[in-house]
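Engineer: Here you go, sequence then predicted model.
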Amino acid sequence: MKRQAEARIPTRVGNFTMIAYAANANERMPHLALLADGFDPSRPVPVRIHSECMTGDVFGSRRCDCGEQLDASLRIAAERGGLVIYLRQEGRGIGLINKLKAYNLQDLGLNTAEANTHLGFDVDARQYECAVFILQDLGIDAVELITNNPDKVDALRHSPVRVAARIPLVIKPHDDNRDYLVTKQELMGHLLGL
């Protein structure tokens with residue numbers, strides 16, 4: 001994997017430089033790094049490692065908190081010269097088609113973890129090696145990790161990148177995602193304080 005292209009991306013919350021990372025220039029779904037103006041890798045950088053969630057990020061689905069987390073992370077990055085890494089690992093690594101199948105199982109009464117395992121997948125099949133590669137490529141030695149997920153913190157603690165702090169990213173639950181968030185907290189150990 002290497003940098004394939006980059007461009008300035010002005011957004012509603014601030015200006016970013018988007019860098020596409022992939023093994024080759026023809027990759028249609030590269031991982032992305034969005035560096036905010038003021039990015040300075042000589043200090044601990046506020047970083048969100050965000051896994052793609054088309055339903056939440058793009059279409060505003062209220063079944064999860066992903067889109068709201070991405071919006072909040074972009075604001076934090078813009079305000080503090082941070083970085084959002086957008087990993088193409090939809091549905092905790094199971095892909096969009098299987099994620100939709102998992103949603104149907106959830107509508108029948110399974111929680112998000114049970115739905116994934118019912119389909120033959122791990123509860124969470126995401127990997128973070130690509131994020132570590134991107135951080136190192138950008139010269140980042142230390143991060144303030146924007147997350148509620150202890151697995152992300154552990155993934156970085158077992159890498160050359162130091163976690164200097166964790167920035168909580170708690171989104172207020174609503175009727176459509178409350179059960180999902182409770183499952184994330186109780187079964188996956190997410191630090192949500194529900």
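Structural biologist: Happy to help now that I have it. Numbers count the residues shown, from 1 in each chain.

Engineer: Please make it C-alpha for all contacts and neighbour counts, starting now.
Structural biologist: Fine.

Engineer: quick check: longest helix of this protein.
Structural biologist: Counting residues, the longest helix found in the chain (DSSP state H) is helix 66-80.

Engineer: so what secondary structure elements neighbour it?
Structural biologist: With contacts defined as 3 or more C-alpha pairs under 8 Å, 6 or more residues apart in numbering; DSSP states H and E, helix 66-80 has these neighbours: strand 31-36, strand 45-51, strand 83-87.

Engineer: got CSV for those strands, with distance to residue 171, mean pLDDT and mean neighbour count too?
Structural biologist: Output for the helices and strands packed on helix 66-80, formatted as CSV (distance: least, C-alpha to C-alpha, whole Å; pLDDT from 0 to 100; neighbours: other C-alpha atoms under 10 Å):
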stretch, distance to residue 171, mean pLDDT, mean neighbour count
strand 31-36, 22, 98, 24
strand 45-51, 15, 96, 25
strand 83-87, 17, 97, 24
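
Engineer: What residues of the longest helix of the chain count as buried?
Structural biologist: Judged by neighbour count using 16 or more other C-alpha atoms under 10 Å, the buried positions of helix 66-80 are 66-70, 72-78, 80.

Engineer: same check, this time on stretch 87-106
Structural biologist: Quick answer for stretch 87-106 (16+ other C-alpha under 10 Å): 87-94, 96, 98-99, 102-103, 105-106.

Engineer: Once you drop chain neighbours, what's closest to the residue nearest in space to the middle of the chain?
Structural biologist: Nearest residue to the geometric centre of the chain (C-alpha atoms, centre = their mean): residue 50, 1.2 Å. Of all residues not flanking residue 50 in the chain, residue 86 sits nearest, at 5.0 Å (C-alpha to C-alpha, 6 or more residues apart in numbering).

Engineer: May I ask which helix or strand of the chain has the lowest mean pLDDT?
Structural biologist: Lowest by mean pLDDT, DSSP states H and E among the helices and strands of the chain is helix 178-188, with a mean of 63.

Engineer: quick one: the residue of the chain most remote from its centre from residue 77, how far?
Structural biologist: Centroid-distance maximum for the chain: residue 108 at 27.0 Å, with C-alpha atoms, centre = their mean. Using C-alpha to C-alpha, to the nearest Å, residue 108 is found at 38 Å from residue 77.

Engineer: before we move on, the earlier item: of all the helices and strands packed on helix 66-80, which one is nearest residue 119?
Structural biologist: strand 45-51 (19.8 Å; C-alpha to C-alpha).

Engineer: how about residue 134, secondary structure?
Structural biologist: Recorded secondary structure, residue 134: helix (DSSP: H, G, I helix; E, B strand; the rest coil).

Engineer: Let me see the contact set for it.
Structural biologist: 21, 33 (C-alpha atoms under 8 Å, 6 or more residues apart in numbering).

Engineer: Next one: it, what pLDDT does it get?
Structural biologist: Residue 134 carries a pLDDT score of 97 in this model.

Engineer: For residue 45, list the residues it contacts.
Structural biologist: Contacts of residue 45 (C-alpha under 8 Å, 6+ apart): 39, 81, 82, 83, 140, 142, 143, 144.
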